[in-house]
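> need a 3D model of the sequence below.
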Amino acid sequence: MPQRNKVILLIEDNQDDVELTLRAFKKNAINDEVVIARDGQEAVDYLFGEGAYEGRDPSQTPRVVLLDLKIPRLSGLEVLRRVRADERTRRTPVVILTSSKEESDLVQGYDLGANSYVRKPVDFNVFVEAARSLGRYWLLLNETPKET
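From the prediction side, this is the model:
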């Protein structure tokens, strides 16, 4: 049985939010490797071992995907749609982490199979606490099915 890697896929195009997330993880001793995709197409390529990630084993899915919705090339909702449509990734935990306050984004995110929807706090200390809670739950407490 393949060993599940310890990767968090962060899909985020805003460099300030990337740095904030990485700082919050470090402050909370979340030491998993963080792979950063700066747009939706890069995220899909990473997940399915295509494009620049050709040759990456797509059966090695991230422990959790943190997905911004407002990203270039493919929207976050389209990325989520593709993740849920593929047998290899349909059970991968996906947390929408976005600044969107659109009710329709929230509803569509859950309709497409998001596991959680978190609005990004703008205050650093609140963001650090949110990252700690996300890390504790998704990386320590949440159980996923064994890979076959």
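> when you work out contacts or count neighbours from here on, use the C-alpha atoms and nothing else.
OK.
> and for residue 92, the neighbour number?
By the measure other CA atoms under 10 Å, the count of residues near residue 92 is 18.
> again, but for residue 67
There are 27 residues near residue 67, going by other CA under 10 Å.
> was I right to think it contacts residue 11?
Yes - contact criterion CA atoms under 8 Å: residue 67 and residue 11 qualify, at 5.0 Å.
> now what about the lowest-mean-pLDDT helix or strand in the chain, what contacts it?
For the chain, using mean pLDDT, DSSP states H and E, the weakest element among its helices and strands is helix 124-135, scoring a mean of 78. Applying CA atoms under 8 Å, 6 or more residues apart in numbering, the external contacts of helix 124-135 come out as 20, 21, 24, 25, 27, 28, 30, 120, 121.
> dump the C-alpha coordinates for that helix into CSV.
Taking Å, rounded to 0.1, in the frame of the first residue of the first chain, the C-alpha atoms of helix 124-135 are listed here in CSV:
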residue,chain,number,x,y,z
PHE,A,124,-2.9,38.3,11.4
ASN,A,125,-3.6,37.0,14.9
VAL,A,126,-7.1,35.8,13.9
PHE,A,127,-5.6,34.2,10.8
VAL,A,128,-2.9,32.4,12.9
GLU,A,129,-5.7,31.0,15.1
ALA,A,130,-7.7,29.9,12.0
ALA,A,131,-4.6,28.2,10.6
ARG,A,132,-3.9,26.5,13.9
SER,A,133,-7.5,25.2,14.0
LEU,A,134,-7.4,24.1,10.4
GLY,A,135,-4.0,22.3,10.9
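> so how far is it off the chain centroid?
15 Å (CA atoms, centre = their mean, to the nearest Å).
> flag every buried residue along it.
Buried residues in helix 124-135, counting neighbours by 16 or more other CA atoms under 10 Å, are found at 127, 128, 129, 130, 131, 132, 134, 135.
> one more: stretch 89-105?
Of the residues in stretch 89-105, those buried (16+ other CA under 10 Å) are 89, 92, 93, 94, 95, 96, 97, 98, 100, 105.
> check the last one and give its pLDDT.
Read it as residue 105. Note for residue 105: predicted pLDDT of 94.
> and it, what element?
helix 103-111 (DSSP states H and E).
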